[in-house]
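>>> Sequence first, predicted model second:
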Amino acid sequence: MAWDDKGRKLVARITAAGLAGAVETELLKKFCAYAVDLGIPLSRAHLVVDTLHPIYEGRIFRWSREEGLGPISEYGRTDDDPEILERWQKSPLYHLIETGQTSLRLDLSGDDPNGFSMIDELRDGGHTEYAALCHRFAAERAIGEMDCILSSWCTDAEGGFTAEQYDALESATASLALAIKSASLARIADTLVETYLGRDAGHRVLAGRISRGVADKIFAALWFSDLRGFTAISDSYPPEALIPLLNDYADAVVSSIHEAGGDVLKLIGDGTLAIFTHPDPAAACKAALVAEDLAQERVQNLNARRAAAGLPWTELYVGLHVGEVFYGNIGSAERLDFTVVGPAVNEASRIATMCRSAERNLLLSSAFQTAAREADRATLVSVGRYALRGVERPQELFTRDRSPKSLPRD
């Protein structure tokens with residue numbers, strides 16, 4: 001088979017894998033396997049892809065002939081670590097970005113006039129040639145820092161890649177880059193909708209439930225929480241101190257809700273709205289109680305750390321309720337929100353607001369108490385009847401007896 005035909009076959013194979021929805025690791029693995037099968041003597045390959053993520057700047061995918069796929073590395077901003085930044089600035093991939101070049105070939109058998117940091121390491125590993133490629137996107141198609149796909153390719157064949165092998169590899173990597181871009185954009189979309197809408201709501205949106213007015217009637221345990229005295233804190237401390245405070249407490253609350261199986265739907269300043277769903281209402285109530293236990297423990301630990309550091313600290317108020325709500329797309333034609341609405345949501349908010357008057361960090365509705373399983377009901381004690389704003393009749397509210405003997409073991 002002529003090398004032109006081999007290159008076209010490699011392009012066709014990786015294009016098919018991309019259209020089938022293969023993720024980045026699968027694409028790299030398949031590409032390298034196809035290339036070796038067609039006679040391109042690859043010994044090592046790296047892909048570097050910036051992304052759009054609240055924590056990570058990008059990801060590195062690795063393959064070697066001896067070990068196959070290596071671990072995925074997720075990296076933060078290189079500016080945050082001087083050593084990593086220096087190593088990156090001495091790399092061939094950085095050189096491509098800075099010079100505007102699209103490719104670079106390095107013969108590893110001789111001295112490196114460019115002073116690249118990893119050439120000696122590659123030579124010592126038995127590689128004979130290193131090739132770096134940069135496939136750029138049009139400026140208006142960049143997604144955050146993701147404006148190109150960077151890749152590097154090594155061989156340990158004597159004399160390096162032949163001209164035909166390199167041409168086939170270089171031409172086929174354009175299709176690989178397009179497939180990687182497609183997979184990365186799908187991952188970015190999934191990350192963004194989960195981050196900003198919540199896990200379950202995000203999955204529903206990506207599944208196509210985006211029509212205005214489409215909502216499901218569901219039964220859920222409802223969580224509404226806020227922070228004690230946040231307004232006073234915000235009036236007493238500079239704005240730059242408030243964002244770290246909100247982030248610290250949001251980490252404690254959101255991680256607890258997720259760990260217990262709930263879904264966070266909204267962060268409203270210092271407030272959090274979440275739902276717990278299960279075919280068995282008692283199981284949904286149990287999950288909400290587990291989340292509340294976790295959150296209060298984490299907030300206590302957080303308060304100890306912040307107090308020791310001389311930082312402002314506060315307490316968490318939680319209101320729990322159960323009821324039927326509408327869950328779906330609500331809003332205008334131009335701006336939709338995927339959330340829950342209904343009287344039960346308003347009551348959960350009002351119950352949380354009553355925590356200050358009742359001098360409790362947790363209040364639960366009588367409906368929640370009734371829906372909970374018997375072992376959990378045994379831990380709940382009445383704090384009296386309270387008038388809730390916007391609710392017709394006074395409601396009996398409950399809190400939790402946290403003495404060790406009262407809490408169920410499972």
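Yep, it's here.
>>> for the stretch 1-150 of the chain, what spans make up the helices?
3-19, 24-37, 82-89, 92-99, 119-124 (DSSP state H, counting those that start in this stretch).
>>> deepest of those helices, which one?
helix 24-37 (a mean of 19; mean count of other C-beta atoms under 10 Å). C-beta: built from backbone N, CA, C; applies to glycine.
>>> Tabulate the helices of the stretch 1-150 of the chain (CSV), appending mean pLDDT.
Converted to CSV, the helices of the stretch 1-150 of the chain look like this (pLDDT from 0 to 100):
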stretch, mean pLDDT
helix 3-19, 87
helix 24-37, 95
helix 82-89, 77
helix 92-99, 89
helix 119-124, 86
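>>> wait, which of those helices is closest to Thr173?
Set against Thr173 and scored by C-beta to C-beta, the helices of the stretch 1-150 of the chain come closest in helix 24-37, at 8.0 Å.
>>> so what does the closest one touch, helix or strand wise?
helix 3-19, strand 42-50, strand 58-64, strand 68-69, helix 163-197 (3 or more C-beta pairs under 8 Å, 6 or more residues apart in numbering; DSSP states H and E).
>>> With distance to Thr339 as extra columns, can I get the ones you listed in CSV?
Compiled in CSV, the helices and strands packed on helix 24-37 are given as follows (distance: least, C-beta to C-beta, whole Å):
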stretch, distance to Thr339
helix 3-19, 35
strand 42-50, 31
strand 58-64, 31
strand 68-69, 39
helix 163-197, 9
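>>> how far away is Ala16 from Arg8?
13 Å (C-beta to C-beta, to the nearest Å).
>>> Gly331 now?
49 Å.
>>> strands paired with the helix or strand hosting Tyr317, and their directions?
Using DSSP states H and E, Tyr317 sits within strand 316-331. Here strand 316-331 has these sheet partners by DSSP bridges: strand 215-227 (antiparallel), strand 336-341 (antiparallel), strand 362-365 (parallel).
>>> which residues touch the second one?
Contacts of strand 336-341 from elsewhere in the structure, counted by C-beta atoms under 8 Å, 6 or more residues apart in numbering, are 197-198, 201, 204-205, 210, 212, 215, 218, 220, 222, 265-266, 273, 275, 325-331.
>>> ok, back up a step: and the helices of the stretch 1-150 of the chain as a markdown table, adding distance to Ala358?
Shown next, in a markdown table, are those (distance: least, C-beta to C-beta, whole Å):
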| stretch | distance to Ala358 |
| --- | --- |
| helix 3-19 | 58 |
| helix 24-37 | 52 |
| helix 82-89 | 51 |
| helix 92-99 | 59 |
| helix 119-124 | 65 |
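>>> Tell me which of those sits nearest to Asp280.
helix 24-37 (37.6 Å).
>>> Can you tell me what sits against that closest one?
Contacts for helix 24-37 (C-beta under 8 Å, 6+ apart): 9-10, 13-14, 17-18, 22, 42, 45, 47, 49, 59, 61, 63, 65, 68-69, 72, 169, 172, 176, 179-180, 183-184, 187.
>>> Just the buried residues of the residues you listed.
Among the contacts of helix 24-37, those buried by neighbour count (16 or more other C-beta atoms under 10 Å) are 9-10, 13-14, 17-18, 22, 42, 45, 47, 49, 59, 61, 63, 65, 169, 172, 176, 179-180, 183-184, 187.
>>> okay, the helix or strand harbouring Ile351 in CSV with CA atoms only?
Secondary structure assigned from DSSP H and E places Ile351 in helix 343-353. Taking Å, rounded to 0.1, in the frame of the first residue of the first chain, the C-alpha atoms of helix 343-353 are listed here in CSV:
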residue,chain,number,x,y,z
PRO,A,343,-45.4,26.4,47.4
ALA,A,344,-43.2,23.8,48.9
VAL,A,345,-40.1,25.6,47.7
ASN,A,346,-41.3,28.8,49.3
GLU,A,347,-42.1,27.0,52.6
ALA,A,348,-38.6,25.6,52.7
SER,A,349,-37.2,29.1,52.4
ARG,A,350,-39.5,30.4,55.1
ILE,A,351,-38.5,27.5,57.4
ALA,A,352,-34.8,28.3,57.0
THR,A,353,-35.6,32.0,57.8
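>>> got the domain boundaries for this protein?
Split into domains by automatic domain parsing, the chain comes to 3-196, 199-406.
>>> Now the weakest link among those domains, please, by mean pLDDT.
Of all the domains of the chain, mean pLDDT reaches its minimum on domain 3-196 (a mean of 86).
>>> That one: how far from the chain's middle?
23 Å (C-alpha atoms, centre = their mean, to the nearest Å).
>>> That concludes my questions; thank you for your assistance.
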